[in-house]
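J.: no FASTA, just this:
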């Protein structure tokens, strides 16, 4: 069976890869949106944190013989703590200023992080070695490597857990309230600055988690983050940062669109998500899922 | 009275800066480096025309700079166009791209605007990687400078420098004219309070689009000028990091001041060119070997400058000077008058 001259098996295989990439975009954009909601800062370092997560997972394996599963837990923790330090040291000084300064500050931090990694490891990617889960599953209609299946499941679980925490728990309610009116929430005796720090830490930990997931299947290098951050920006422009579900759906959707383009018109595959963004802006300037300014 | 004095001082400062730029090639400045500084100064001023007077921070200006350069370089190499037409081509292409990218991006404001321009610039970057006219990874090399208006041989480095100076000064005067015109005042009104400007009968999107186009056109010109004076265009000119450069120059020089971007460009281009020597010097003085590698970590240095500027030096060089002037006690002359 063929669809537009492409065997269904090959098409499905590409779509599966697209789904995996889409999961990375979704987890990254989710972290970006959570941070933006609380701090009103667009975190430019997000791509660099993704890269740090992948690098830590590689470094853990090669220097300390910590396996993938240990690093899947440790790398987000380390990056999250690093994020909290950055927030306490730098970001908290600029909340009262124009949005521009948040952008500039995180851009500067990105350059420092990426520059440091670059001078330590160069720009070529680090091969991770064999994926921690081997084997292939037969889903009936398609054969899929188990590791990719795991990435999809883990990403969706993390997204769902984030959604549940923010929308359905007491902590999430505090968080949403503090986004609306930090002064009022503070007067109820809730430590809002602490919550802001933790939110930032959690957001970048999500990025690092995606990085660890990506390490075995993507050659992550010092400059991977720069590429990722621009895609993530396109995702949040398309989906808006108002709804978690919207962000996740947009991320996965863009991954699939990218995969389809790779099959039918590979030359445009790196550009297609930006074209989608242009199209959305022309038709629905506020993004697919609303999303205020 | 005080205002008039201030005005005179400012004119005097501009005159001094112009004089310094005029004699610089005879006072030890390598003319090609001088031309490069002027190109970046023009770039930063064009960038600041948008940021400073509409508050819209674009991370897409590298696209105009790079494509302006590619068009100028390609038209010289492929069609042997004289430099004046190549520069004009860069300007026009910049304006057209500004029209398209501006039309798309001004639909959103604030941080979304920045992200959209960044994404559009990435689109242009990937286009430049793929189409054959840009030379791909190699870029365009060996662009001939030619003879300006058939009169001035630009192969001479000093002639090239003065040409770049004339163009930059003309562009700077143009920007000053725009900013101080009724159009510029309307821009300021929109920036301060958009709903109020709307209620006064202004149509903000049109103003934003026009200023975006002007800014893009001048950036295209800067790119073309850079291509002709340096003789090459590479992918790094289209990379969004170049827009970050313009942002940093504006910030270092002083956001919201007309001359800030010029000073910022001067400081940063020189810093970037001399950083290797500076590192070697620091290494020899302090004995810390790490400093010797400073030249390879331009990216990190840029990041540090960004962070320091945002945290401690938000007014920039010109902004600090201005603040200093305000803080100084009134001049003795005033006492004599009273």
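T.: Sure thing, it's come through. Worth saying up front: this structure is predicted, and the values here are computed from it rather than measured.

J.: only C-alpha atoms for contact and neighbour calcs from this point on.
T.: Will do.

J.: any idea how far residue A:33 is from chain B?
T.: 12 Å (Cα to the nearest Cα, to the nearest Å).

J.: my error: substitute residue A:86 in the last question.
T.: Residue A:86 sits 12 Å away from chain B when distances are taken as Cα to the nearest Cα.

J.: ok, so what distance separates that residue from residue B:210?
T.: Noted for residue A:86: a distance of 39 Å to residue B:210, by Cα to Cα, to the nearest Å.

J.: name the SS class of the closest residue to residue B:210 other than its chain neighbours, please.
T.: Nearest residue to residue B:210 in three dimensions, chain neighbours excluded: residue B:99, at 8.0 Å (Cα to Cα, 6 or more residues apart in numbering or on different chains). Three-state call for residue B:99 (DSSP: H, G, I helix; E, B strand; the rest coil): helix.

J.: just give me the neighbour total for residue B:99.
T.: Applying other Cα atoms under 10 Å in any protein chain shown, we find 19 residues neighbouring residue B:99.

J.: any idea how far it lies from chain A?
T.: 14 Å.

J.: that residue against residue B:208, yeah?
T.: No: using Cα atoms under 8 Å, residue B:99 is not in contact with residue B:208, being 10.5 Å away.

J.: what's the helix or strand for residue 161?
T.: Answering for chain A, as no chain was given. Assessed by DSSP states H and E, residue A:161 sits inside helix A:146-168.

J.: wrong one, I was asking about chain B
T.: Judged by DSSP H and E, residue B:161 forms part of helix B:157-180.

J.: residues making contact with that helix?
T.: Here helix B:157-180 makes contact (Cα atoms under 8 Å, 6 or more residues apart in numbering or on different chains) with B:21-22, B:25, B:31-32, B:34-35, B:38-39, B:41-42, B:45-46, B:49, B:53, B:152-154, B:184-185, B:218, B:225, B:229, B:258.

J.: let's see it at 7 Å
T.: Residues from elsewhere that reach helix B:157-180, judged by Cα atoms under 7 Å, 6 or more residues apart in numbering or on different chains: B:25, B:31-32, B:34-35, B:38, B:42, B:153-154, B:184, B:229.

J.: and if you look at stretch A:219-234?
T.: A:25, A:28-29, A:46-48, A:50-51, A:54, A:114, A:117-118, A:123-127, A:274, A:277, B:115-116, B:118-119.

J.: now do the contacts for the residue in chain B positioned nearest to chain A.
T.: Closest contact between chain B and chain A, by Cα to the nearest Cα, is at residue B:303 (3.9 Å). With contact taken as Cα under 7 Å, 6+ apart, residue B:303 is in contact with A:108-109, A:111-112.

J.: want to throw those residues into a markdown table with pLDDT, distance to residue A:179 and neighbour count?
T.: Below are the contacts of residue B:303 laid out as a markdown table (pLDDT from 0 to 100; distance: Cα to Cα, whole Å; neighbours: other Cα atoms under 10 Å in any protein chain shown):
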| residue | pLDDT | distance to residue A:179 | neighbour count |
| --- | --- | --- | --- |
| A:108 | 90 | 26 | 28 |
| A:109 | 91 | 24 | 24 |
| A:111 | 89 | 29 | 27 |
| A:112 | 89 | 29 | 25 |
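
J.: show me which positions of the helix or strand just after the helix holding residue B:161 end up buried.
T.: For helix B:157-180, the following helix or strand on the C-terminal side (DSSP H and E) is helix B:182-192. By 16 or more other Cα atoms under 10 Å in any protein chain shown, the buried positions in helix B:182-192 come out as B:184, B:186-191.

J.: helix B:182-192 - contacts with which helices or strands?
T.: In terms of contacts (3 or more Cα pairs under 7 Å, 6 or more residues apart in numbering or on different chains; DSSP states H and E), helix B:182-192 is packed against helix B:31-54.

J.: redo that, cut-off 8 Å
T.: In this structure, helix B:182-192 packs against helix B:31-54, helix B:194-199, helix B:204-230, with contacts taken as 3 or more Cα pairs under 8 Å, 6 or more residues apart in numbering or on different chains; DSSP states H and E.

J.: give the contact list for residue B:84.
T.: B:148-149 are the contacts of residue B:84 under Cα under 8 Å, 6+ apart.

J.: now it: which helix or strand?
T.: Going by DSSP H and E, residue B:84 is in helix B:83-105.

J.: are the next helix or strand after that helix and chain A in contact anywhere?
T.: Moving toward the C-terminus from helix B:83-105, the next helix or strand (DSSP H and E) is helix B:110-130. Yes: taking Cα under 8 Å from any Cα of the partner chain as the criterion, helix B:110-130 and chain A are in contact, through B:110-112, B:115-116, B:118-120, B:122-123, B:126-127, B:130.

J.: and if you look at stretch B:52-61?
T.: Yes: shown here: stretch B:52-61 in contact with chain A (Cα under 8 Å from any Cα) through residue B:57.

J.: hang on, the earlier thing: among the contacts of stretch A:219-234, which ones are buried?
T.: When neighbours are counted using 16+ other Cα under 10 Å, the contacts of stretch A:219-234 contain these buried positions: A:25, A:28-29, A:46-48, A:50-51, A:54, A:114, A:117-118, A:123, A:125-126, A:274, A:277, B:115-116, B:118-119.

J.: residues from the stretch 151-293 of chain A in reach of chain B?
T.: Counting by Cα under 8 Å from any Cα, the stretch 151-293 of chain A sits next to chain B at A:230-231, A:233-234, A:237, A:267, A:270-271, A:274-275, A:278, A:281-282, A:285-286, A:293.

J.: what about the spatially closest residue to residue A:111 that is not a sequence neighbour, which SS state?
T.: Spatially, and ignoring its direct neighbours in sequence, residue A:111 is nearest to residue B:303 (4.7 Å; Cα to Cα, 6+ apart). Classification of residue B:303 using three-state DSSP returns helix.

J.: tell me the bridge partners for the nearest residue to residue A:146 once chain neighbours are set aside.
T.: Of all residues not flanking residue A:146 in the chain, residue A:136 sits nearest, at 5.2 Å (Cα to Cα, 6+ apart). Counting by DSSP bridges, residue A:136 is bridged to residue A:145.

J.: from memory residue A:136 sits against residue A:148, does it?
T.: No: if you go by Cα under 8 Å, residue A:136 and residue A:148 don't touch, sitting 9.4 Å apart.

J.: what touches both of those two?
T.: Common neighbours of residue A:136 and residue A:148 (Cα under 8 Å, 6+ apart) do not exist.

J.: which intervals of chain A have sub-threshold pLDDT?
T.: Applying pLDDT under 70 to chain A flags residues A:1-3, A:290-293.

J.: which residue, other than its chain neighbours, is closest to residue A:185?
T.: Per Cα to Cα, 6+ apart, closest to residue A:185 is residue A:178, 5.7 Å.

J.: now the one you found: which helix or strand?
T.: Assigned by DSSP H and E, residue A:178 belongs to helix A:170-180.

J.: look up how far chain B lies from residue A:150.
T.: Note on residue A:150: its distance to chain B, by Cα to the nearest Cα, is 30 Å.

J.: tell me how many other residues crowd that residue.
T.: That count, for residue A:150 with other Cα under 10 Å as the rule, works out to 14.

J.: ditto for the one 3 residues further on
T.: Residue crowding around residue A:153 was assessed by other Cα under 10 Å; the count is 14.

J.: also residue B:287?
T.: If you count neighbours by other Cα under 10 Å, residue B:287 ends up with 12.

J.: phi, psi for residue A:6 please.
T.: phi -120, psi 130 (degrees, to the nearest 10).

J.: just to revisit the earlier point, tell me the contacts of the residue nearest to residue A:185?
T.: Taking Cα under 8 Å, 6+ apart as the criterion, residue A:178 is in contact with A:38, A:184-186, A:192.

J.: of those residues, grab the buried ones for PyMOL.
T.: Restricted to buried positions by 16+ other Cα under 10 Å, the PyMOL selection for those reads:
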select buried, chain A and resi 38+185+192
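
J.: can I assume residue B:261 sits in a helix?
T.: Yes: checked against three-state DSSP, residue B:261 lies within a helix.

J.: so it makes contact with residue B:254?
T.: Yes: if you go by Cα under 8 Å, residue B:261 and residue B:254 touch, sitting 6.9 Å apart.
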